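Q: got a sequence here, can you model it:
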Amino acid sequence: MSTRTNRVEQMLRREIAGMLLRGDLRDPRIQPIAAISITAVRVAPDLGSARVFVDALGDAVNVPRVLAGLNAGAGAIRAALGPKLNLKRTPSLRFERDDSVDQGRTIERVLAEIAVESAATGAPAVPDAAESHDSDAPDDEDDSDDGDSDDGDSDDDAPASSGP
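A: As a prediction, the model looks like this:
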C-alpha cells in the first residue's frame, strides 16, 4: 500500500469521525452518535472508492440501522468531504460493520475457556516449548557432532582457511 493511499485513508477516517462528532449528519438512525466509532478506512488503489468500517460501542446501538443511515447519507458525506480532501476525485463511500472487535472477544473467550479447562485437569494451558521439543524428539538423535565420524576424512576438525 502506498504512502498516498495511507494518507487518504487517515484523512477520510478523521474527517468522517469529525462530521459525526459535530453532528453534521442529522439522520435519526445514526443515534447515539457518541457510541459510533469509525475504526478504519480502506481505499481502493485508484482512490475511486473507500470502505469505511464502523463499530458501535455498547449494546444499545442497532448497528444495521446505523449502517443504513450512514450508507443513505454517503452521497452527502462525500460532497462535504470533497473540498476538505484536496483530491481530484473524492472516493465513493461504502459503510460496513467492523467485526474485528467481536472476533477478538470470541478469541479471548475461547482462550479463557481453554485456561479454565487446563486448570481443572492440572495440565498447562500452553505446553512449554522446551518440553514439547524434548518429548517430540526421537530417541536416537543425529550423531553427526559426536566426533566419531567413520567417513575417513580427518580434516573435519582442522580450521578453515581464510583465503588464498
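Q: measure the most centrally placed residue in the chain to residue 39 for me?
A: Nearest residue to the geometric centre of the chain (C-alpha atoms, centre = their mean): residue 100, 7.2 Å. As judged by C-beta to C-beta, to the nearest Å, residue 100 and residue 39 stand 7 Å apart. Where you see a C-beta, it was placed from the backbone N, CA and C, and this is true even at glycine.
Q: give the contact list for the residue nearest to the centre of the chain.
A: 39, 53 (C-beta atoms under 8 Å, 6 or more residues apart in numbering).
Q: pLDDT score for it?
A: Predicted confidence (pLDDT) at residue 100: the value is 82.
Q: same question, residue 144
A: 49.
Q: helix or strand for residue 39, which one?
A: strand 36-43 (DSSP states H and E).
Q: would you list every one of the strands in this protein?
A: Ranges of strands in the chain, per DSSP state E, are 36-43, 49-56, 92-97.
Q: which one of the ones you listed lies closest to residue 4?
A: Checking the strands of the chain against residue 4 by C-beta to C-beta gives strand 36-43 as the closest, at 9.3 Å.
Q: got the angle for the closest one vs strand 92-97?
A: With axes from the mean of the first three to the mean of the last three C-alpha atoms, to 10 degrees applied, the angle from strand 36-43 to strand 92-97 works out at 130 degrees.
Q: where exactly do the helices run in this protein?
A: For the chain, the helices defined by DSSP state H cover 3-22, 63-72, 74-85, 100-121, 129-136.
Q: for those helices, which one ends up most surrounded?
A: Ranked by mean neighbour count under mean count of other C-beta atoms under 10 Å, the helices of the chain are led by helix 63-72, which reaches a mean of 17.
Q: just to revisit the earlier point, including distance to residue 29, could the helices of the chain go into JSON lines?
A: Formatted as JSON lines, the helices of the chain follow (distance: least, C-beta to C-beta, whole Å):
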{"stretch": "helix 3-22", "distance to residue 29": "13"}
{"stretch": "helix 63-72", "distance to residue 29": "3"}
{"stretch": "helix 74-85", "distance to residue 29": "13"}
{"stretch": "helix 100-121", "distance to residue 29": "21"}
{"stretch": "helix 129-136", "distance to residue 29": "51"}
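Q: closest to residue 93 out of those?
A: By C-beta to C-beta (comparing all of these), the closest turns out to be helix 74-85, at 4.4 Å.
Q: what angle separates that closest one from helix 3-22?
A: Helix 74-85 runs at 120 degrees relative to helix 3-22, counting by the same axes, to 10 degrees.
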